Each structure stands twice: as structure tokens, then as C-alpha cells.
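In: build the 3D model from these lines:
(3 chains)
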Amino acid sequence: MPELPEITLLARQMKDELVGKTIVGVTVLQPKILNVPQDSFCEALNGARLIDVRHHGKWITVETTQGWLMLSLGMGGEILLFADDRQFPEKRQLVLTFRDGTHIVVSFWWFGYAHYAEHPEDHAMTAKLGPNALDLTLDEFRALLRGRRGGIKSFLLNQGHIAGIGNVYVQDPLFRARIHPLRKIDTLTDDEIAALWRALQDTLQGSIDLGGSAWEMDLYGKKGGWSEEQMVVAYQESKPCPRCGTAVEKIRTGSTSTFICPQCQRLEP
DNA sequence: TTGAATGTTGAGGA
DNA sequence: CTCCTCAACATTCA
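Out: The predicted model follows:
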């Protein structure tokens, strides 16, 4: 479940390790992950030197001297750094080999993308994204919500509005701000919006500080420290709410599920 | 065997 | 135009 914290950490590590290196080999093991024909993809990146690695929402954006590589791990996966080529994981979709003999191995278990774009603005999936959730001030957050009528949870998950929040990291902030996921945006008070913004920053930054999710690996294969113990209500079905003791419930919210405390997060006042 | 799981897109309808 | 729902898609697990 790589969301903003894990992607932020991966992009940071990739930047530290890879900037300045030159790609001398591109191996695609599953062409369906590409947005261009395999030949053009390999040709475009072969010989490219890495200039920078950043992220936009859940996408890792790699700037090279020959255009941009955009990576999305979808529902889960890893990007691992290897010093030699002996112990690659069985399942892998893309391997980049650098002139110094190191490799980057990209694998995801479902729905991932490795896209090439000559210019970043050519790549619709990243160009359409809203600002990164952690780069947003409270005033900007308020401005984004102004005039909206939909449910708050689906707004937060919409990457075109705010980038980086997924179904894992959206649940605890809603609980901490005591907001039901189906609450309509135009019924939220100023205080609730401020509490939600605060809780989002705290949850996301807190996970980054702990090295990201304990179910995902970083560039070196190391797992993060943000585990079940850090979750307040997320995935804590039928356990007591830490605030009032009521049993946590799992509810359907559109096509996803959300764990809530039915007492603290009421739909009706 | 069935359905649900972290994501994204596109189509369609109110 | 906005917002919601549905289905589809590279898999894995209970």
C-alpha cells in the first residue's frame, strides 16, 4: 500500500543513490505496464543520465537527460536497489542497469505503471494531479474545499484535488477530526476543516518520520515502522475506540471501505 | 469458488 | 460542470 509517505521516502532515497548515474540497460519483463511500445521505451531511456528524482502524489518522477520516467506502484510493490545481479526477486516488471553495475528492480503485485514522457506536461496521469498533501497550507486546503458539495472522503481520495492520500491514510485523520467519511463538504465547520488538515499533516508526517508503512519496503528492502500500533481506528474492526470505547465498525463508502467509530464520527449531529 | 484488497481510468447518469 | 457509481485491469489471500 504505497501512499504518500512511502513514495516520499522512496523518491528521497532514489535521489540520493541514483542522481548522476547513467542507464546502460533497460529490461522490461511485462510490457503492459508501459505507455509506449517496448522498443521506444528502452531506446528512450538507454544512455540517459539521472538528473533528479521527486514525487507527485503516489507517482515517482525521474528526470533524466533524455526525458522523464514516471513510476506508479499501484496497489503495492517495491523498488529495490541491487549492487549486483545475483539476487533479484522472482517477480519483477522492470530492471534498470547503471554503468557502475548497480540495478534498480521494480516489482508490483497488481496495477503498476512505468511510463515514459519526453516532457512532464505530456504525461496526463501526473500532469492532472493536485498539490501534494503535505505541501498544502490550511488556507489552501480551505480554498480547495470552498464551494464543493460532495462527500469529504471521496474528495480527499481524488488525486486531482489533493495528491497522495489513499484509503489507508485517509481513515485515521477523519477519525481524529471526528468527521464521518460521508459528511458533505458544505456541512463542515471551519474548526472541523482545521482539525482535519492538522490530522492529515500529523498522520502523513508521522508515518514518514517512522520510515513509512510496516507493510512496504524501502529502496534497501527495509520495512517501515508505521504499523498497526500507530493506527487509531483503521483496520481495527470491533476493537474499542481509543476515545470512547465504542466498537470500531467497518462501513462501505462508495466502492471502498472505511473503519470508523460510530459514536465519535456521526453523520447526523 | 468467491470476493475483497491498498489504485487509476473511463463511461454513464442524476 | 460536479459528483457519484460501476466496471475493468496486470494478483493474492482467506
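
In: who are the contact partners of A:Cys241?
Out: Counting by CB atoms under 8 Å, 6 or more residues apart in numbering, A:Cys241 touches A:Val233, A:Ala247, A:Val248, A:Cys261, A:Gln263, A:Cys264. C-beta coordinates here come from the backbone N, C-alpha and C atoms, glycine included.

In: try it again with 7 Å
Out: For A:Cys241, the contacting residues are A:Val233, A:Val248, A:Cys261, A:Gln263, A:Cys264, by CB atoms under 7 Å, 6 or more residues apart in numbering.

In: likewise A:Leu134?
Out: Remark: with contacts taken as CB under 7 Å, 6+ apart, A:Leu134 is in contact with A:Leu4, A:Gln201, A:Leu204, A:Gln205.

In: kindly report the same for A:Ser255.
Out: Contacts here follow CB under 7 Å, 6+ apart; on that basis A:Ser255 touches nothing.

In: if you set the cut-off to 10 Å instead, what comes out?
Out: By CB atoms under 10 Å, 6 or more residues apart in numbering, the contact list for A:Ser255 reads A:Ser154, A:Asn167.

In: which residues belonging to stretch A:109-119 are considered buried?
Out: For stretch A:109-119, the buried set under the neighbour-count rule, 16 or more other CB atoms under 10 Å, comprises A:Gly112, A:Tyr113, A:Ala114, A:His115, A:Tyr116, A:Ala117.

In: what's opposite the last one in the beta bridge?
Out: Applying DSSP bridges to A:Ala117 yields these beta-bridge partners: A:Trp68.

In: residues contacting it?
Out: For A:Ala117, the contacting residues are A:35-36, A:44, A:61, A:67-70, A:123-127, taking CB under 10 Å, 6+ apart as the criterion.

In: out of those residues, who has the most neighbours?
Out: A:Leu69 (25 neighbours; other CB atoms under 10 Å).

In: if I look at that residue, how far off is A:Thr61?
Out: Computed as CB to CB, to the nearest Å, the A:Leu69 to A:Thr61 distance reads 8 Å.

In: over to A:Ile251?
Out: Applying CB to CB, one obtains 35 Å for the distance of A:Ile251 from A:Thr61.

In: burial measure for the residue in the stretch 51-200 of chain A positioned nearest to DNA strand C, as a count.
Out: Nearest residue of the stretch 51-200 of chain A to DNA strand C (CB to the nearest atom of the strand) works out as A:Gly150 at 2.9 Å. For A:Gly150, the tally of surrounding residues (other CB under 10 Å) stands at 12.

In: go on, A:Ile23?
Out: Burial of A:Ile23 is recorded as 23 neighbouring residues (other CB under 10 Å).

In: what comes up buried for the helix or strand hosting it?
Out: Under the criterion DSSP states H and E, the helix or strand holding A:Ile23 is strand A:23-28. Applying a neighbour-count criterion of 16+ other CB under 10 Å, the buried positions in strand A:23-28 are A:Ile23, A:Val26, A:Val28.
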